[in-house]
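1. just the structure for this:
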Amino acid sequence: MKTAVVILNWNGKHLLEQFLPKVIACSPNAEVVVADNASSDGSVAFVRSAFPGVTIVENTRNNGYAGGYNDALACVDADYYVLLNSDIEVTPNWIDPVIRHFEEDPLVGAIQPKIRAFKQRDQFEYAGAAGGYLDRLGFPFCRGRIFEECEVDRGQYDDVREVFWASGACMFVRASVFHECEGFDEMFFAHMEEIDLCWRMKNRGYKILIEPASVVFHIGGGTLSKSNWRKTYLNFRNNLELIYKNIEDKYLFRSLFMRMALDGVAAFKFLFTNGFSHFYAIVRAHLHFYRMIPTIRQKRRKLKALEHNRNSTGVYMGSIVADYFIRHKKTFRDLDIP
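-> This is a model prediction of the structure:
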């Protein structure tokens, strides 16, 4: 079985200089691929000169995370893909414990390692922590991270278990399942496209796992920082599209209504704490979503026809918003999740 570690790069030469050597050193049995999204900073020339053993895939356009990986993985021959952000430090033996699950269970579609913060190394990192969940309204959260609250890793989540989604920062994917599900939806461009892919896998009966024996360290915000209004725009826009596209019929209208109300509250909170640009980003996100409803409705109908053996493990039937802001439940272990 062949494994390929695929790093999507866009003007990240400085990150490749810092992290690529360790990826190569810690991945002796995998092909290492740098998929470049039409960078202009000399990234391709640097990799070709400094790391001649690394495979380079040159995308002709910067089509974000979703389109960039779709373009690149069409050129990569492997049984298992490891989608790795360029701002991640890997550790020894980070691949083998994960691949074992794919080989033991054909229903495993994707797996995430434990993701800790690069600078606060004993702390879970925002983008994935110890595995992703969704609440009944479609809000994503993680074992080890709820909203902005990231826990210290004391081994409290060191069990292998099914979750709902695996982080795109470091995501192991069975290649056949990736292509069966038609890859990432390029409508998302960046942010939450991995949740959408995992949701589609789950609706076809596949499993998403967390393997804490594999540990990586993530800087985060390498392309868009949390202070950037565009990140706010993409998060709110994509979450609405994610829900409308995938959620079960019986929850659809209630979830969208509640999300719109909560997004209104969030918009005014942003107005007073982050400024007008973030407030307007949420308004723009909703306007874009309303324009896209006919297109998303078509995708929804197509996906519902393909669903079978839906796997709902990792869905929390409570409200993470109410738990966090009203009931002051700040950690995953405070929630009523077995």
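
2. chain center to the longest helix seen in the chain: distance?
-> Using DSSP state H to define each element, the chain has its longest helix at helix 276-306. Put simply, helix 276-306 sits 19 Å off its chain's centre (C-alpha atoms, centre = their mean, to the nearest Å).

3. now stretch 166-180
-> Distance of stretch 166-180 from its chain centroid, counting by C-alpha atoms, centre = their mean, is 10 Å.

4. next, the buried residues of that stretch.
-> 166-175, 177-178 (16 or more other C-beta atoms under 10 Å). Bear in mind the C-beta positions are built from the backbone N, C-alpha and C, glycine included.

5. from those residues, pick the one nearest residue 325.
-> Nearest to residue 325 among the buried residues of stretch 166-180, counting by C-beta to C-beta, is residue 167 at 23.6 Å.

6. leaving out the residues flanking it, which one is nearest to the closest one?
-> Closest residue in space to residue 167, ignoring its immediate chain neighbours: residue 128 at 2.6 Å, by C-beta to C-beta, 6 or more residues apart in numbering.

7. confirm the one you found sits in a strand?
-> No. In this structure, residue 128 is coil, not part of a strand, as judged by DSSP: H, G, I helix; E, B strand; the rest coil.

8. and it, what does it touch?
-> Residue 128 makes contact with 112, 115, 142, 145, 166-167, 169-170, 218 under the criterion C-beta atoms under 8 Å, 6 or more residues apart in numbering.

9. same question, residue 137
-> When contacts are counted by C-beta under 8 Å, 6+ apart, residue 137 touches 243, 255, 258-259, 262, 319, 321.

10. check the gap between it and residue 261 for me.
-> In this view, residue 137 and residue 261 are 10 Å apart by C-beta to C-beta, to the nearest Å.

11. between these two, which contacts overlap?
-> Common neighbours of residue 137 and residue 261 (C-beta under 8 Å, 6+ apart) do not exist.

12. and residue 261, how far from residue 243?
-> Residue 261 sits 14 Å away from residue 243, going by C-beta to C-beta.

13. comparing the two, which shows the higher neighbour count?
-> residue 243 (21 against 10; other C-beta atoms under 10 Å).

14. what about the helices in the stretch 51-200 of the chain?
-> 64-73, 96-104, 175-180, 193-203 (DSSP state H, counting those that start in this stretch).

15. can you name the next helix or strand after the last one?
-> Downstream of helix 193-203, the first helix or strand assigned by DSSP states H and E is strand 207-218.
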